[in-house]
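Engineer: for reference, the sequence and a predicted model appear below.
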Amino acid sequence: MLVRFGGVLFLVALAVWLYCVLDAITADRDRVRGLPKGAWIAIVLLTFEIGAVAWLVWGRPRGSESGMPARGGRPRLGSTERTAWPSRPSRPSRPGDAGFGRSGPPAPDDDPEFLARLDRRAAEDHEKLLGSWEADLRRREEELRRDRDPDEPEGDPDGERPPSP
(Lines give C-alpha, C1' and ligand atoms only; values in the text may rest on other atoms or scores of the structure.)
Protein backbone atom coordinates (compact mmCIF):
# COMPACT_ATOMS: atom_id res chain seq x y z
CA MET A 1 0.00 0.00 0.00
CA LEU A 2 2.81 2.38 0.89
CA VAL A 3 4.58 1.58 -2.38
CA ARG A 4 1.51 2.53 -4.42
CA PHE A 5 1.12 5.79 -2.52
CA GLY A 6 4.81 6.54 -3.06
CA GLY A 7 4.46 5.83 -6.79
CA VAL A 8 1.48 8.16 -7.09
CA LEU A 9 3.28 10.81 -5.08
CA PHE A 10 6.31 10.47 -7.36
CA LEU A 11 4.12 10.89 -10.46
CA VAL A 12 2.49 14.02 -9.02
CA ALA A 13 5.91 15.46 -8.11
CA LEU A 14 7.19 14.65 -11.61
CA ALA A 15 4.18 16.35 -13.22
CA VAL A 16 4.64 19.49 -11.10
CA TRP A 17 8.37 19.56 -11.87
CA LEU A 18 7.77 19.09 -15.61
CA TYR A 19 5.17 21.87 -15.56
CA CYS A 20 7.61 24.20 -13.81
CA VAL A 21 10.43 23.39 -16.25
CA LEU A 22 8.22 24.14 -19.24
CA ASP A 23 6.74 27.21 -17.56
CA ALA A 24 10.21 28.59 -16.80
CA ILE A 25 11.37 27.95 -20.36
CA THR A 26 8.34 29.64 -21.95
CA ALA A 27 8.14 32.56 -19.51
CA ASP A 28 8.81 36.05 -20.84
CA ARG A 29 12.42 36.95 -20.00
CA ASP A 30 11.49 40.48 -18.92
CA ARG A 31 8.74 39.39 -16.51
CA VAL A 32 10.59 36.67 -14.56
CA ARG A 33 11.02 37.72 -10.93
CA GLY A 34 14.00 37.43 -8.62
CA LEU A 35 16.70 35.89 -10.81
CA PRO A 36 17.47 35.82 -14.53
CA LYS A 37 15.45 33.35 -16.57
CA GLY A 38 18.46 31.09 -17.25
CA ALA A 39 19.20 30.83 -13.53
CA TRP A 40 15.62 29.82 -12.80
CA ILE A 41 15.73 27.14 -15.48
CA ALA A 42 18.95 25.75 -14.03
CA ILE A 43 17.54 25.81 -10.47
CA VAL A 44 14.35 24.00 -11.50
CA LEU A 45 16.27 21.42 -13.54
CA LEU A 46 18.93 20.68 -10.92
CA THR A 47 16.97 20.79 -7.66
CA PHE A 48 13.82 18.96 -8.83
CA GLU A 49 10.90 19.71 -6.46
CA ILE A 50 12.66 22.34 -4.35
CA GLY A 51 13.44 24.32 -7.50
CA ALA A 52 9.90 23.80 -8.80
CA VAL A 53 8.36 25.17 -5.60
CA ALA A 54 10.83 28.07 -5.58
CA TRP A 55 9.89 28.87 -9.19
CA LEU A 56 6.18 28.87 -8.36
CA VAL A 57 6.62 31.05 -5.26
CA TRP A 58 9.44 33.48 -6.15
CA GLY A 59 10.23 33.30 -9.86
CA ARG A 60 7.06 32.84 -11.87
CA PRO A 61 5.73 36.05 -13.45
CA ARG A 62 2.66 37.51 -11.83
CA GLY A 63 -0.20 39.23 -13.60
CA SER A 64 0.16 42.90 -14.48
CA GLU A 65 -1.10 45.72 -12.28
CA SER A 66 -4.27 45.91 -14.36
CA GLY A 67 -5.32 42.51 -13.10
CA MET A 68 -4.33 40.59 -16.21
CA PRO A 69 -2.56 37.24 -15.86
CA ALA A 70 0.96 36.77 -17.14
CA ARG A 71 -0.08 34.40 -19.96
CA GLY A 72 -3.66 33.75 -21.04
CA GLY A 73 -6.24 32.64 -18.54
CA ARG A 74 -8.65 34.85 -16.61
CA PRO A 75 -8.17 38.16 -14.80
CA ARG A 76 -7.47 37.91 -11.08
CA LEU A 77 -10.49 37.88 -8.82
CA GLY A 78 -9.26 40.82 -6.71
CA SER A 79 -9.28 43.17 -9.68
CA THR A 80 -12.08 45.71 -9.34
CA GLU A 81 -11.47 47.61 -12.56
CA ARG A 82 -12.78 46.31 -15.83
CA THR A 83 -9.91 45.15 -18.04
CA ALA A 84 -9.76 44.43 -21.73
CA TRP A 85 -7.84 41.53 -23.18
CA PRO A 86 -4.60 42.57 -24.86
CA SER A 87 -4.91 43.07 -28.59
CA ARG A 88 -2.72 43.94 -31.53
CA PRO A 89 -1.56 47.54 -31.69
CA SER A 90 -3.91 49.45 -33.93
CA ARG A 91 -2.98 51.85 -36.66
CA PRO A 92 -4.85 55.11 -37.06
CA SER A 93 -7.81 54.64 -39.33
CA ARG A 94 -8.36 56.74 -42.42
CA PRO A 95 -11.69 57.87 -43.83
CA GLY A 96 -13.09 55.35 -46.28
CA ASP A 97 -11.36 52.30 -44.83
CA ALA A 98 -13.51 49.21 -45.09
CA GLY A 99 -11.89 47.28 -42.30
CA PHE A 100 -15.03 45.80 -40.70
CA GLY A 101 -14.42 47.57 -37.40
CA ARG A 102 -10.64 47.32 -37.54
CA SER A 103 -8.48 50.34 -38.01
CA GLY A 104 -6.04 50.54 -40.88
CA PRO A 105 -6.37 49.72 -44.55
CA PRO A 106 -8.64 46.87 -45.61
CA ALA A 107 -7.28 43.50 -46.54
CA PRO A 108 -6.66 43.09 -50.30
CA ASP A 109 -9.59 40.72 -50.72
CA ASP A 110 -11.89 43.34 -49.15
CA ASP A 111 -10.72 46.21 -51.39
CA PRO A 112 -13.06 46.64 -54.40
CA GLU A 113 -10.45 48.58 -56.40
CA PHE A 114 -7.88 45.83 -55.92
CA LEU A 115 -10.39 43.16 -56.97
CA ALA A 116 -11.39 45.18 -60.05
CA ARG A 117 -7.72 45.51 -61.06
CA LEU A 118 -7.30 41.75 -60.67
CA ASP A 119 -10.37 41.13 -62.86
CA ARG A 120 -9.10 43.51 -65.56
CA ARG A 121 -5.65 41.92 -65.51
CA ALA A 122 -7.16 38.42 -65.72
CA ALA A 123 -9.36 39.47 -68.67
CA GLU A 124 -6.35 40.99 -70.48
CA ASP A 125 -4.30 37.85 -69.91
CA HIS A 126 -7.21 35.74 -71.14
CA GLU A 127 -7.53 37.80 -74.32
CA LYS A 128 -3.78 37.56 -74.97
CA LEU A 129 -3.87 33.80 -74.49
CA LEU A 130 -6.85 33.40 -76.82
CA GLY A 131 -5.17 35.63 -79.41
CA SER A 132 -1.98 33.56 -79.31
CA TRP A 133 -3.99 30.34 -79.66
CA GLU A 134 -5.89 31.73 -82.64
CA ALA A 135 -2.65 32.89 -84.31
CA ASP A 136 -1.08 29.47 -83.70
CA LEU A 137 -4.15 27.75 -85.15
CA ARG A 138 -4.06 29.97 -88.29
CA ARG A 139 -0.34 29.27 -88.71
CA ARG A 140 -0.86 25.51 -88.44
CA GLU A 141 -3.79 25.56 -90.90
CA GLU A 142 -1.65 27.52 -93.36
CA GLU A 143 1.19 25.00 -93.01
CA LEU A 144 -1.24 22.16 -93.64
CA ARG A 145 -2.56 23.87 -96.80
CA ARG A 146 0.99 24.36 -98.13
CA ASP A 147 2.04 20.80 -97.35
CA ARG A 148 -1.04 19.19 -98.92
CA ASP A 149 -0.65 17.63 -102.41
CA PRO A 150 -2.65 19.34 -105.16
CA ASP A 151 -4.17 16.04 -106.39
CA GLU A 152 -5.23 14.97 -102.88
CA PRO A 153 -8.98 15.26 -102.31
CA GLU A 154 -10.01 17.96 -99.85
CA GLY A 155 -12.53 15.89 -97.87
CA ASP A 156 -10.24 12.94 -96.98
CA PRO A 157 -9.92 13.04 -93.17
CA ASP A 158 -7.45 10.14 -92.92
CA GLY A 159 -4.96 11.64 -95.30
CA GLU A 160 -4.86 8.46 -97.38
CA ARG A 161 -4.95 8.60 -101.15
CA PRO A 162 -7.70 6.78 -102.96
CA PRO A 163 -6.58 3.72 -104.89
CA SER A 164 -5.48 4.64 -108.40
CA PRO A 165 -7.16 2.84 -111.33
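Structural biologist: Thanks, I have it.

Engineer: from the contact counts, what lies against the helix or strand where His126 lies?
Structural biologist: When elements are defined using DSSP states H and E, His126 is found to belong to helix 112-147. When contacts are defined as 3 or more C-beta pairs under 8 Å, 6 or more residues apart in numbering; DSSP states H and E, helix 112-147 sits against none of the other helices and strands. Just so you know, the C-beta spots here come from the backbone N, C-alpha and C atoms, and that holds for glycine as well.

Engineer: for that helix, what is the average pLDDT?
Structural biologist: For helix 112-147, the per-residue pLDDT values average out at 92.

Engineer: give me the domain ranges for the chain.
Structural biologist: 2-59, 108-147 (automatic domain parsing).

Engineer: switch the ones you listed over to a markdown table; also include mean neighbour count.
Structural biologist: Supplementary listing: the domains of the chain in a markdown table, determined by neighbours: other C-beta atoms under 10 Å:
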| stretch | mean neighbour count |
| --- | --- |
| domain 2-59 | 14 |
| domain 108-147 | 10 |
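
Engineer: now the helices: where do they sit in the protein?
Structural biologist: Assignment of helices within the chain using DSSP state H yields the ranges 2-26, 37-54, 112-147.

Engineer: who does the shortest one touch, helix- and strand-wise?
Structural biologist: Which is helix 37-54. When contacts are defined as 3+ C-beta pairs under 8 Å, 6+ apart, helix 37-54 sits against helix 2-26.

Engineer: what does stretch 29-46 rub up against?
Structural biologist: For stretch 29-46, the external contacting residues (C-beta atoms under 8 Å, 6 or more residues apart in numbering) are 17, 20-21, 24-25, 27, 51-52, 54-55, 58-62, 70.

Engineer: just curious, which of those is nearest to Glu143?
Structural biologist: Taking C-beta to C-beta as the measure, Ile25 is the one of the contacts of stretch 29-46 closest to Glu143, at 71.3 Å.

Engineer: residues touching Leu115, list them.
Structural biologist: Counting by C-beta under 8 Å, 6+ apart, Leu115 has contacts Asp109.

Engineer: how near is it to Phe5?
Structural biologist: Per C-beta to C-beta, to the nearest Å, Leu115 is found 68 Å from Phe5.
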